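Peer 1: I'll drop the sequence and a predicted model, then ask my questions.
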Amino acid sequence: MYKENILKKLKASKITLLKRTVLTAAVVLILVSLLVVSPKKADAITLKELGNAIARLSQDEESLLEKILVSEVEIENKRNEIESLNGELEVLENQLEELNEARKELSESIENKKDILTEKVIFSYKYGNDDVAKIIISARDLNEVVNNLYLFKNIMSREAEIIEQLRFEKEEYDRISRKSEEKMKEIEETGARIKAEEQQLLKSMEENKVLLEEVKGEKAEIQGLLSEIKKRIAQVQPPGLVLVGEWDMVATAYYAFGLGGNDINGNGITAIGLRARKGIVAVDPRVIPLGTKLYIPGYGEALAADTGGRIKGSRIDLCFESLEECFRYGKRKLKIYLVED
């Protein structure tokens, strides 16, 4: 029953895991190969096939572990990138805060300068001409007139320079502000992209972890099956034979022609041309190929050399030398073993 459960699980895993990844499909094919890949031993479970399956599952296990480790490193890198971007955002936010303070101060300064200049314009409009005239009249000579006019010009020019400087600073602030906001937007978009990549990596890693557990489970089951088969082989091991696999079979008995005087099996010649005798068994060639060497507990060494109309699937018919032996043997469920050539 354990073997049947394993075979059912292997068949079910084929349907489920083939839908996932190419790696999983390879794993399933390894397992299902125990059932369908080898035409020579279609329904047998052999030690070699189980060993090969375990070896391949071990390789798949290592591959999945490597993928998981790579994903973990990539996720850590993504998180470091996000942390670095958050640091840049914090710096930009501080810069923008400082710029906002500077902008506020500049705005107040500009407003103050505007008020002062407005007063000067009004003053110059009302009194400017008289002031200029007084400057000219009060001058003691031409040089003093020129100096006074130059001084007046410098006073007005200096105010104009201040306004120009404030205007330039305001434009520079606006430029830096726009650039900072664009940079913040770029960093936020990059951060969102990296976060999405991190989530995808996490999803992929979790899927690989699930697959890894499934591979480990399949590997453990096959190792358990291999261990049980080895134990059963050790219990029935006949001298001089090497048993390398087993089938679950329903065994019946038939009587060889000519040995008991009754012609109940045709001419007594088997499907491969041998005369029927004890040690010759009839099988379904689709399950056990003709010419396969077998060991059957309670019967002995045998050769798959005959067929029968009712011998289909997991059925085997053992040849005996008397009807009495056939009746005594009856019908049994048992495990038969593959003998290494």
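Peer 2: Done, it's in. Owing to the predicted nature of the structure, the values given are computational and were not obtained by experimental measurement. Numbering: from 1, shown residues only.
Peer 1: quick check: which ranges of the protein have low pLDDT?
Peer 2: 1-44, 103, 106-107, 110, 113-163, 166, 173, 257-267 (pLDDT under 70).
Peer 1: quick one, longest helix in this structure?
Peer 2: helix 142-236 (DSSP state H).
Peer 1: can you list the strands that the following helix or strand past it pairs with?
Peer 2: Note on helix 142-236: by DSSP states H and E, the next helix or strand toward the C-terminus is strand 243-255. Partner strands and pairing direction for strand 243-255 (DSSP bridges) are strand 45-46 (antiparallel), strand 315-320 (parallel), strand 332-339 (antiparallel).
Peer 1: buried residues in strand 243-255?
Peer 2: 243-249, 251-255 (16 or more other Cβ atoms under 10 Å). In this view, the C-beta of every residue, glycine as well, is placed from N, C-alpha and C.
Peer 1: orientation of it relative to helix 142-236 in degrees?
Peer 2: Angle of strand 243-255 versus helix 142-236, following axes from the mean of the first three to the mean of the last three Cα atoms, to 10 degrees, is 40 degrees.
Peer 1: just the CA atoms of strand 243-255, as PDB, please.
Peer 2: The C-alpha coordinates for strand 243-255 follow below in PDB (Å, rounded to 0.1, in the frame of the first residue of the first chain):
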ATOM      1  CA  LEU A 243      17.600  -8.100  -6.200                       C
ATOM      2  CA  VAL A 244      17.300  -4.600  -7.600                       C
ATOM      3  CA  GLY A 245      13.600  -3.800  -7.700                       C
ATOM      4  CA  GLU A 246      10.100  -4.900  -7.000                       C
ATOM      5  CA  TRP A 247       6.500  -5.100  -8.300                       C
ATOM      6  CA  ASP A 248       3.200  -5.400  -6.400                       C
ATOM      7  CA  MET A 249       1.400  -8.300  -8.100                       C
ATOM      8  CA  VAL A 250      -1.600 -10.600  -7.800                       C
ATOM      9  CA  ALA A 251      -0.300 -14.100  -8.400                       C
ATOM     10  CA  THR A 252      -2.200 -17.200  -9.600                       C
ATOM     11  CA  ALA A 253      -1.000 -20.700 -10.600                       C
ATOM     12  CA  TYR A 254      -1.200 -22.800 -13.700                       C
ATOM     13  CA  TYR A 255      -0.300 -26.400 -14.500                       C
END
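Peer 1: what's the helix or strand following that strand packed up against?
Peer 2: Downstream of strand 243-255, the next assigned helix or strand under DSSP H and E is strand 280-283. Contacts defined by 3 or more Cβ pairs under 8 Å, 6 or more residues apart in numbering; DSSP states H and E place strand 280-283 against strand 300-306, strand 315-320.
Peer 1: kindly recompute the last result at 10 Å.
Peer 2: Packing partners of strand 280-283 (3 or more Cβ pairs under 10 Å, 6 or more residues apart in numbering; DSSP states H and E): strand 243-255, strand 293-296, strand 300-306, strand 315-320.
Peer 1: sweet, I'm off.
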